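In: I'll drop the sequence and a predicted model, then ask my questions.
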Amino acid sequence: MTSVLSAGAGEKFQQLVNLMARLRGPGGCPWDREQTFDSIKPYLLEETYEVLDAIDARDWPELTGELGDLMLQAVFFSQMAAEQDLFRVEDALDAINQKLVRRHPHIFGDETARTGDDVRKIWSEVKQQESREKNPQAARPGLLDGVPRSLPALVEAQQVTSRAAHAGFDWNNAGEVLDKLREELAEFDSARATGDPAQLEDELGDLLFVLVNLARFVKVDPEQALRKTNAKFRRRFGYVEQKLAERGAAPADSNIEEMESLWQEAKASENRP
């Protein structure tokens, strides 16, 4: 099997570690030196989404650079940790190497997994075993306790529904999920008639939650589906703005009929072979 790492990859990773240490060290960069764990967190999130954008665009040169930026974040956090004698980057690498071996007993042990669902079940069982070993005196953790509440809501919904499904708490097929979606849509419509903001929020949340489950049944990542729809909306609305500008107008100067007509033009041009 061919490794994705070249012979010099280890040296280049060490070079990145050394560069970060110099930037944080005496006489280093004032901006880098003043950063903290909390101040860097937003950049980690930003770099993650820039990686996703590059993947969506299938822009491989851009992805190369964005993955480098993402790796820098890991090295940055590790350098700050080393300065406080918390851990070193080698410890983080050891942790992920050991975790990969431990959570793939079907590759490195005696377990058997024939499908992706088998693998996810094994992964979940190993994670629960790890939690018990870390704190054997603690009460048995709930199945959903390992899903952080700090996750984006869409990702949290994906994880909690997936874990519940692996425990057998699930619909039988996508048709049943569609039935539930229609039920929730009717409940939302009733809430809309009352005009109660709290009830509307509650019912809309239920609708979104069922849609996440539907995505799971049809094996579509809802986060990626929505990101692509966002990009499609940006593209088509940009076309509308461009065509209006050619007429010396802007959306605020137009009406819905004119903009809808241009929207349909944009849609048709995308569907042309």
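Out: Perfect, I can see it now.
In: only C-alpha atoms for contact and neighbour calcs from this point on.
Out: Fine.
In: quick one: what helix or strand has Glu62 in it?
Out: Using DSSP states H and E, Glu62 sits within helix 60-83.
In: who does that helix touch, helix- and strand-wise?
Out: The helices and strands touching helix 60-83, judged by 3 or more CA pairs under 8 Å, 6 or more residues apart in numbering; DSSP states H and E, are helix 9-24, helix 37-56, helix 89-102.
In: what number of residues lie near the closest residue to Arg149 other than its chain neighbours?
Out: Leaving out its chain neighbours, the residue that sits closest to Arg149 by CA to CA, 6 or more residues apart in numbering is Glu156, at 7.1 Å. Using other CA atoms under 10 Å, Glu156 has 16 neighbouring residues.
In: What's the separation between Glu156 and Gln224?
Out: Distance from Glu156 to Gln224, counting by CA to CA, to the nearest Å: 14 Å.
In: Ala198: how many residues sit nearby?
Out: With other CA under 10 Å as criterion, Ala198 counts 10.
In: Next, the buried residues of the one helix or strand it maps to.
Out: Counting by DSSP H and E, the element that carries Ala198 is helix 197-217. Neighbour-count burial for helix 197-217 flags 199-200, 203-204, 206-216 (criterion: 16 or more other CA atoms under 10 Å).
In: contacting residues around the residue lying closest to Met259 once chain neighbours are set aside?
Out: Ranked by CA to CA, 6+ apart and with sequence neighbours excluded, the top spatial neighbour of Met259 is Val240, at 6.3 Å. Applying CA atoms under 8 Å, 6 or more residues apart in numbering, we find Val240 in contact with Pro251, Met259, Leu262, Trp263, Ala266.
In: just to revisit the earlier point, report the mean per-residue pLDDT for the helix holding Ala198.
Out: Helix 197-217 shows a mean pLDDT of 95 in the predicted model.
In: before we move on, what about stretch 181-194?
Out: 95.
In: Show me how far it is from its chain's centre.
Out: The chain centre lies 29 Å from the centre of stretch 181-194; the measure is CA atoms, centre = their mean, to the nearest Å.
In: Glu66 is nearest to which of the helices and strands packed on helix 60-83?
Out: Evaluated over those, closeness to Glu66 peaks at helix 37-56, with 5.4 Å, by CA to CA.
In: elements contacting the closest one?
Out: Under the contact definition 3+ CA pairs under 8 Å, 6+ apart, helix 37-56 sits against helix 60-83.
In: What lies in contact with the helix it packs on?
Out: Residues outside helix 60-83 that contact it (CA under 8 Å, 6+ apart): 16-17, 20-21, 36-37, 43-44, 47-48, 50-51, 54-55, 87-89, 92.
In: quick one: buried residues of the worst-scoring helix or strand of the chain on mean pLDDT?
Out: In the chain, no helix or strand scores lower on mean pLDDT, DSSP states H and E than helix 116-134, which sits at a mean of 81. Neighbour-count burial for helix 116-134 flags Val119, Arg120, Ile122, Trp123, Ser124, Val126, Lys127, Gln128 (criterion: 16+ other CA under 10 Å).
In: again with stretch 216-225
Out: Arg216, Pro222.
In: so how far is it off the chain centroid?
Out: Distance, centroid of stretch 216-225 to centroid of chain: 12 Å (CA atoms, centre = their mean).
In: So which residues make contact with it?
Out: Identification of contacts with stretch 216-225 by CA under 8 Å, 6+ apart yields Leu154, Val155, Gln158, Ser162, Asn173, Ala174, Val212, Ala215.
In: Most neighbours out of those, which is it?
Out: Within the contacts of stretch 216-225, most neighbours by other CA under 10 Å means Val212, with 22 neighbours.
In: Pull the contacting residues for that one.
Out: The contact partners of Val212, taken as CA under 8 Å, 6+ apart, are Leu154, Ala157, Gln158, Pro222.
In: count of residues packed around the closest residue to Thr112 other than its chain neighbours?
Out: Among residues not flanking Thr112 along the chain, His106 sits closest, at 4.8 Å (CA to CA, 6+ apart). Other residues within reach of His106, judged by other CA under 10 Å, total 16.
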